[in-house]
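Undergrad: Coordinates for the following, if possible.
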Amino acid sequence: RELVARVILETLRSIPVPDVHHDLRRVLAIISRLGEDSEPSVRAELMEQVPHVAMYCHEEKDEHQWMHLVPSFLLPLVVRYLTDVNNQVRKTAQAALLVLLEQELVAHNDVEDQVCPLLLMLTNSDAHDDFRTEAAALMCRMAPLLGGDLSRRVFLERFAALSADGLFHVRKICAANFGEFCAVVGQEVTESILLDKFYALCQDELWGVRKACAEVFMSLSRVVSASKRRNDLGSLFVNLLQDESRWVRMAAFQALGPFISTFSRMETERETPTLTSLSSSSSAAATAEAEPIESDFNSFYFWRDPLPQLNLMPPTTTTTNNQGDPPQPLVSSEAAANNQESVSDSVEKALEDLMARVELGGGTTTVEAAAAATTQPASSGELVPEPVHAFDLRRVACQELLGAPVAASNIVSSPPNSAAVADEGTNDLSADQSVVPQNLMDYYLQMTDPYYVETVDAEITRHCAYSLPAVVCTLGKEHWPLLRDLYTTLASDMQWKVRRTLASSIHEIGAILGQDVVTQDLLPVFDGFIKDLDEVRVGVLKHLSDFLGLLAEKERRSYLPRLAEFLKLDNEQNWRFRQELALQLQSVVALFSPADSAQSILPLALTLASDRVAAVRLPAFTLVSQIMKQVSENSWADDAESMLTPLLADLTTRFCSGNRWMLRQSYVNICNQLVTDRALPLEEFGKLLLAPLLALKQDRVPNVRLVLARVINFQLKYHEFFAGSDSPYRESLDETLNQLSADEDRDVSYYATVKRNQTQINSLHLPTEDNNIA
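TA: Numbers count the residues shown, from 1 in each chain. Presented below is the predicted three-dimensional model:
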């Protein structure tokens, strides 16, 4: 029965036209019978075939009028299986319905009449939990396919209700799809109805819901107005960055860069959002999976019971209590010495003790002394300390537990070692920018701090590097000094993945900042990347021409001798690196003069053209031809001729007379590429290259003769210059082709005689197997 369900489409296709109505009714009867089969695998297989059958009906609609089968027969079948008792059957039916919508095989009014009432029924509070969860997910996935009008009319009220559902899984699904759903229903509905629901989800008691909210912040931010984005979403996102759950903080920091990118001027000026490729790549990177690291201290929820704001003391201030009593340590030295408790338990107890003293105002702590020492009005030049949050109190407790002094910078929400916070000049620059809320920028500038690497996410610096181009684009060139130190820190990060990410985007950042900043700030970083690991260098290499194109001619020419450094690899087996080099040099050639290309790039091209790997040689052939064409087409013809002659002579000596058969075969392929691209005047080709080329008919390796036969038979003999009746080369060309036609190797003789339009093999570069060496 499962096999019968699998061949339904083939059965429909085999129905003859004269008997279409009679046979179609019989097939539909079989489908109905299979739809009531007791075996779940049969029903699931039937659902898998529904989109294919619907597509066939759509293709045949003009001839047989089968399109009525989709709304009248197939769609009701899918709707029935949405409530099947078997989970796999339901999942398959949901997938089939989405395919029908994506491929536009079913009309929206049919979906509204048949599917939407069922979804609304399944999402009622009295429905089964599994059905409610699946229906909520299906509704969210259908909304973008059905459009804004239908979604607002049918789904909006139910989606808002489900966002406050008592079932955790339902709320999590709504949170995960909140941004996409808001993009469908539009800005006005989002701000008037849905934003309040999102605020509640961001304060949900379960961390999984809050984490889902953090992940969709970017898509939601693109929907709302600039004022809502700055005033409401900004502060809401800061709460997620300070969340008690490490998983939530991890997701929030990953989404921080993409969220900042929505504050760009382009996003502010218009309500319908469109991100650049920079922020798109940042979003893809920011939503990447992170290693799950458990972190819980659920005894405190800062957004429900906020701590009082504390003023802080300088690090050197002596700690005293109000009564003059000596300070009491949080954990006694005897207990620490005996190590009778685990570190985590000690930290938790110290944290609870610290928070109790902060809340009740009793006891003597370093925090209280800091507050007492800074109760005097601060001078105008001093910074006003920020509120203390639970996330930072945990670190204070750890330091007190270990006996370390607690400095003022260790209590505020900013990490102590953050260059962005510690550097006074950077703070001044930060205050000048008004594009992005400053608290968000402060957190972004702190993402390279080792404290966050240890307590939030080991990959946090990589996410910072991924989103950096979007942040630079958002702030603009005028605020680059604010990000310069961060960029330098990321460029010297110990993780090669971080450096590779930065190397892959250095050309994008350079295009945003302009030539002056590139020369002053990015060139030193670029020089470091060139000397880095191969995994990092490949990021620079893939956009080498883009970056060199940003430089002034003087700086660009200074890199000509350094291009050879890309041939030095940590692992010589990494042939894809050399292949990428050959491809990139094709674009680099256009940035230099013919003389520079011939002197500095052509030697690299010839080295790549003699590589052991065929995939490296093929783009190198094109590169050699490109350089030859550039030299031959330059404006000073006399000098061009004087340059071409030694270049072609060196090419013949190095390849045509080479000891390895692969070099001689490469010579044939280079000659073919030169003729194909018309890189040389045919007179020059015939005078300097044709005779050595035809001499390879005597080569002892069949692979060389085979490629020669293909080049002559498929290329040269169709050129009037070589094969014309008055051509001086026709006789030697015919003689060579006749000799190859009678070659003892069957493949050589075949390619010497077969007509060009009779073979299906288009490449002239095969075979290249090294095991054919004679």
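
Undergrad: contacts and neighbour counts: CA atoms only from here.
TA: Fine.

Undergrad: Tell me where the stretch 501-650 of the chain is predicted with low confidence.
TA: Residues of the stretch 501-650 of the chain that meet the criterion pLDDT under 70 lie in 635-641.

Undergrad: 50 instead?
TA: 636 (pLDDT under 50).

Undergrad: what helix or strand is the residue nearest to residue 598 when sequence neighbours are not counted on?
TA: Counting by CA to CA, 6 or more residues apart in numbering, residue 598 lies nearest to residue 627, which is 6.7 Å off, once chain neighbours are set aside. Using DSSP states H and E, residue 627 sits within helix 614-632.

Undergrad: Outside of that helix itself, which residues are in contact with it?
TA: 575-576, 578-579, 582-583, 585-586, 589, 594-595, 597-598, 602, 605-606, 608-611, 640-641, 643-644, 666, 669-670, 673-674, 677-681, 765, 768 (CA atoms under 8 Å, 6 or more residues apart in numbering).

Undergrad: Pull out the buried members of the residues you listed.
TA: 575, 578-579, 582-583, 585-586, 589, 594-595, 597-598, 602, 605-606, 608-611, 640, 643-644, 666, 669-670, 673-674, 679-680, 765, 768 (16 or more other CA atoms under 10 Å).

Undergrad: Take these and keep only those in helices.
TA: Within the buried ones among the contacts of helix 614-632, residues falling in helices by DSSP state H are 575, 578-579, 582-583, 585-586, 594-595, 602, 605-606, 608-609, 640, 643-644, 666, 669-670, 673-674.

Undergrad: quick one: low-confidence parts of the protein?
TA: Judged by pLDDT under 50, the stretches of the chain that qualify are 267-351, 353-427, 636, 760-774.

Undergrad: mind giving me the domain split of it?
TA: Listed domain ranges for the chain are 2-249, 315-374+394-410, 560-774 (source: automatic domain parsing).

Undergrad: Secondary structure element holding residue 137?
TA: Per DSSP H and E: helix 129-146 holds residue 137.

Undergrad: Next: residue 512.
TA: Using DSSP H and E, residue 512 sits within helix 496-513.

Undergrad: got it, and residue 257?
TA: Assigned by DSSP H and E, residue 257 falls within helix 246-261.

Undergrad: Can I get that helix as CSV, trimmed to CA atoms?
TA: In CSV, the C-alpha atoms belonging to helix 246-261 read as follows (Å, rounded to 0.1, in the frame of the first residue of the first chain):
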residue,chain,number,x,y,z
ARG,A,246,23.7,33.0,30.5
TRP,A,247,21.8,31.6,27.5
VAL,A,248,19.8,34.8,27.2
ARG,A,249,22.8,37.0,27.5
MET,A,250,24.6,34.9,24.9
ALA,A,251,21.7,35.3,22.4
ALA,A,252,21.5,39.0,23.2
PHE,A,253,25.1,39.7,22.6
GLN,A,254,25.0,37.7,19.3
ALA,A,255,22.1,39.9,18.2
LEU,A,256,23.6,43.2,19.4
GLY,A,257,25.5,44.0,16.3
PRO,A,258,22.6,43.3,13.9
PHE,A,259,20.2,45.3,16.2
ILE,A,260,22.6,48.3,16.1
SER,A,261,22.6,48.1,12.3
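
Undergrad: which secondary structure elements does that helix contact?
TA: Using 3 or more CA pairs under 8 Å, 6 or more residues apart in numbering; DSSP states H and E, the elements in contact with helix 246-261 are helix 207-215, helix 217-221, helix 234-241, helix 277-286, helix 438-445, helix 460-475.

Undergrad: so how far is it off the chain centroid?
TA: Put simply, helix 246-261 sits 16 Å off its chain's centre (CA atoms, centre = their mean, to the nearest Å).

Undergrad: now it and helix 460-475, what's the angle there?
TA: 20 degrees (axes from the mean of the first three to the mean of the last three CA atoms, to 10 degrees).

Undergrad: what's the angle between helix 246-261 and helix 438-445?
TA: Computed by the same axes, to 10 degrees, the angle separating helix 246-261 from helix 438-445 equals 110 degrees.

Undergrad: Any buried residues in helix 246-261, and which?
TA: 246-261.

Undergrad: could you check the angle helix 207-215 makes with it?
TA: Going by the same axes, to 10 degrees, helix 246-261 makes 20 degrees with helix 207-215.

Undergrad: can you pull the buried residues of stretch 612-623?
TA: Buried-residue list, stretch 612-623, by 16+ other CA under 10 Å: 613-623.

Undergrad: Can you tell me which of the residues you listed lies closest to residue 501?
TA: Distance to residue 501 across the buried residues of stretch 612-623 (CA to CA) is lowest for residue 616, with 24.7 Å.

Undergrad: re the thing from before, how distant is the helix holding residue 627 from the center of its chain?
TA: That offset, for helix 614-632, works out to 31 Å (CA atoms, centre = their mean).

Undergrad: And for stretch 245-254?
TA: Distance, centroid of stretch 245-254 to centroid of chain: 19 Å (CA atoms, centre = their mean).

Undergrad: So what touches stretch 103-122?
TA: Taking CA under 8 Å, 6+ apart as the rule, stretch 103-122 contacts 54-55, 58, 70-71, 75-76, 79, 100, 127-128, 131-132, 135-136, 139, 146, 150, 154, 158.

Undergrad: oh sorry, the question was meant for stretch 729-742
TA: Here stretch 729-742 makes contact (CA under 8 Å, 6+ apart) with 686, 694, 697, 705, 709, 712-713, 717, 722-724, 748-753.

Undergrad: do the same with stretch 253-263
TA: Stretch 253-263 has contacts (CA under 8 Å, 6+ apart) with 214-215, 217-218, 221-222, 226, 229-230, 241, 275, 279, 282-283, 286-287, 435-436, 440, 444, 447, 460, 463-464, 467-468, 470-471, 473-474.
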